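Asks: Just the structure for this:
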Amino acid sequence: MKRINVIGTSGSGKSHFSYRLAKNVSIPCIEMDALFWLPNWEHLENEEFLSLLEAHLEKASWVLDGNQSKTNHLKWQYVDTIIWLDYSFYHTF
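Replies: Reported below is the predicted structural model:
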């Protein structure tokens, strides 16, 4: 478990879990939303975002927080472990 992707619905606690896991196993945490979103709800263009993400994914170990399906073709090349936070609607609501 060196390249871990934490996935789940909005509100499931992906970011919180990812940061705690990364801290406990002493590896960096990559938050996709932090890479994608700019101030004032602006965001990177897809090519720029994917290039930035890939630079992070090429590192030896990490916990990746995020689901964005447009990244699947890229991240699945690197991920060796998936943790799916699969809670009920009422739990995440």
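Asks: ok, and the closest non-adjacent residue to residue 18?
Replies: residue 65 (3.7 Å; Cβ to Cβ, 6 or more residues apart in numbering). C-beta: built from backbone N, CA, C; applies to glycine.
Asks: Name whatever forms a beta bridge with the one you found.
Replies: residue 6, residue 31 (DSSP bridges).
Asks: Tell me, how many residues neighbour it?
Replies: Applying other Cβ atoms under 10 Å, we find 24 residues neighbouring residue 65.
Asks: Next, find the distance separating it from residue 82.
Replies: 12 Å (Cβ to Cβ, to the nearest Å).
Asks: Quick check: neighbours shared by the two?
Replies: Between them, residue 65 and residue 82 share these contacting residues under Cβ atoms under 8 Å, 6 or more residues apart in numbering: residue 6.
Asks: picking that back up, from what I can see the residue nearest to residue 18 touches residue 29, true?
Replies: Yes. Counting by Cβ atoms under 8 Å, residue 65 does reach residue 29; the two are 6.4 Å apart.
Asks: okay, and the common contacts of those two?
Replies: With Cβ under 8 Å, 6+ apart, residue 65 and residue 29 have common neighbours 18, 19.
Asks: List the contacts of the most centrally placed residue in the chain.
Replies: By Cα atoms, centre = their mean, the mean C-alpha position of the chain lies nearest to residue 65, the distance being 2.3 Å. Counting by Cβ under 8 Å, 6+ apart, residue 65 makes contact with 6, 14, 15, 18, 19, 29, 30, 31, 32, 33.
Asks: And those residues, which is closest to residue 58?
Replies: Closest to residue 58 out of the contacts of residue 65 is residue 30 (11.2 Å), distances taken as Cβ to Cβ.
Asks: and the closest one, what is it in contact with?
Replies: 53, 56, 57, 62, 63, 64, 65, 66.
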